[in-house]
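K.L.:
For reference, the sequence and a predicted model appear below.
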Amino acid sequence: MCIPCRLTPNDATTWHNLFVMIYAGIDEAGYGPMLGPLCVGCSIFAVEDADPADGPPNLWARLDEVVTRGARDARRRIAIDDSKKLKGSNQAKAHPLRHLERGVLSFLSTRLTDDSDDQGHAPPSTDDLLFAMTGTDLPTTVATPWYQSNTTLPVAHDADALAIDAARLDRGMNAAGVRLLDLQCEAIDAGEFNRQLAGGSNKAAINLDTVVRHVVRVRAASRAADPHAVPRIVCDRQGGRSHYRSWLQDCFPDGAIRILGETDSVSRYRVDDADGGFVIGFETGSEDRHLPIALASMTAKYLRELAMVRMNRFFKEHMPDLKPTAGYVLDGRRFVKEVAPVMKTVGIDRSEFIRTS
């Protein structure tokens, strides 16, 4: 479910009279595990008074009053960074998802209402609502019973405190001329992942297919906010690949594609077709340079973690002493071995539960 942009037509006209950049980031979580979904997040921002000729703006600097990189901050600003830096240890006293949850739900809640009161920025109350708001479609059929529960949100914070954070963030973003247009995530679970592999795809192709669907969403959000804008999309490098022109041509067969640069660290292209143009770049270490990618990374990781909460809950109901898993290969093998009797009793198809690659 894509939430409509909060800009009104008059707002869009006003923004177009200034320089406006549509600035989006795409990143994944769960590329390597054998259990749980591959999640690919996408955040889309409209940034006022940003000349595209100057390149993407530093949103950490622009939003310095309300956003920071570090997990510890005396000013209680919201941490936005690569999800691997903000995901806490499961052995620590504090909840491991506290930073991911605060960042994702605060940004998402800036889109929920036009009211300025804190209560109008309340976060979603369940993971079902969060998945719906971000377009995250987890399979909940009889073939995937481990996803059929739901979790009360937030898991690591007080909802009222998060509403206050979101209201403060909303005010800070408005003052800085920054607006979150959309925050989306696709989840590809083991069953669908395996079906695509059987159809001739590989892991990298499955990930890139998800990226291009997000590109389509970015272009739609850009046209709604400002039909004249040329969105700037940044992605993390996909599996070390450095050349994307042929892939882009396959995705946009009627597009004119120009290579803006291909180096060891950055591959950037301009694509123009009947729907307009966009610039897309693939960069190494992109989470350190682009806040939209960092937020996309956090979103993908947070939603994947919530999916794993459901999975672990299901099997723990059958085996109360079972140690939970994050789904990565070594511990995933341990988990699969231990839950094998439950899989047999419930009738779980291994191809729906375990990735084959």
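P.N.:
Structure received.
K.L.:
Any stretches of the stretch 151-300 of the chain with poor pLDDT?
P.N.:
For the stretch 151-300 of the chain, the stretches with pLDDT under 70 are 239.
K.L.:
Any buried residues in the longest helix seen in the chain, and which?
P.N.:
Scanning the chain for the longest helix, with DSSP state H as the assignment, gives helix 291-318. Residues 291-312, 314-315 are the ones in helix 291-318 that count as buried (16 or more other Cβ atoms under 10 Å). Any C-beta I mention is one placed from the backbone N, CA and C, and that applies to glycine too.
K.L.:
can you state the direction angle for the helix or strand containing Gly41 and helix 291-318?
P.N.:
Using DSSP states H and E, Gly41 sits within strand 38-48. Inter-element angle recorded for strand 38-48 and helix 291-318: 150 degrees (by axes from the mean of the first three to the mean of the last three Cα atoms, to 10 degrees).
K.L.:
Return the distance of Ala256 relative to Gly277.
P.N.:
Distance of Ala256 to Gly277, computed by Cβ to Cβ, to the nearest Å: 9 Å.
K.L.:
doesn't Phe315 make contact with Leu322?
P.N.:
Yes - using Cβ atoms under 8 Å, Leu322 is in contact with Phe315, at 5.7 Å.
K.L.:
what is in contact with the two at once?
P.N.:
Contact criterion Cβ atoms under 8 Å, 6 or more residues apart in numbering; residues shared by Leu322 and Phe315: Phe335, Val339.
K.L.:
Can you give me the separation between Lys85 and Gly103?
P.N.:
For Lys85 relative to Gly103 (Cβ to Cβ), the value is 11 Å.
K.L.:
Neighbour count: these two, which is higher?
P.N.:
Neighbour totals were compared for Lys85 and Gly103, and Gly103 leads with 24 against 16 (other Cβ atoms under 10 Å).
K.L.:
Name the SS class of the more buried one, please.
P.N.:
Following DSSP: H, G, I helix; E, B strand; the rest coil, Gly103 is assigned to helix.
K.L.:
Buried ones in stretch 94-107, by neighbour count?
P.N.:
Going by neighbour count (16+ other Cβ under 10 Å), the buried part of stretch 94-107 is Pro96, Leu97, Arg98, His99, Leu100, Glu101, Arg102, Gly103, Val104, Leu105, Ser106, Phe107.
K.L.:
neighbours around Thr126, how many?
P.N.:
Neighbour tally, Thr126, other Cβ under 10 Å: 12.
K.L.:
mind listing what the nearest residue to Gln196 once chain neighbours are set aside touches?
P.N.:
Counting by Cβ to Cβ, 6 or more residues apart in numbering, the nearest residue to Gln196 once its immediate chain neighbours are dropped is Ile206, at 5.2 Å. Shown in contact with Ile206 (Cβ under 8 Å, 6+ apart): Leu38, Ile188, Phe193, Gln196, Leu197.
K.L.:
Could you tell me how far the first one is located from Ile206?
P.N.:
What that stands for is Leu38. 7 Å.
K.L.:
thinking Glu65 is in contact with Arg171, fair?
P.N.:
No - shown here, Glu65 and Arg171 do not form a contact pair, counting by Cβ under 8 Å, at 9.1 Å.
K.L.:
Mind listing the residues bridging to the residue most central in space within the chain?
P.N.:
The centre of the chain sits closest to Gly41, judged by Cα atoms, centre = their mean, with a distance of 2.1 Å. Taking DSSP bridges as the rule, Gly41 bridges to Asp27, Cys185.
K.L.:
residue ranges of the helices in the stretch 251-357 of the chain, please?
P.N.:
Under the criterion DSSP state H, counting those that start in this stretch, helices of the stretch 251-357 of the chain are mapped to 291-318, 329-346, 350-353.
K.L.:
Measure how the longest helix of the chain sits relative to helix 329-346, angle-wise.
P.N.:
40 degrees.
K.L.:
Helices along the stretch 51-200 of the chain, start to end?
P.N.:
For the stretch 51-200 of the chain, the helices defined by DSSP H, counting those that start in this stretch occupy 59-62, 83-86, 98-109, 127-133, 159-176, 190-198.
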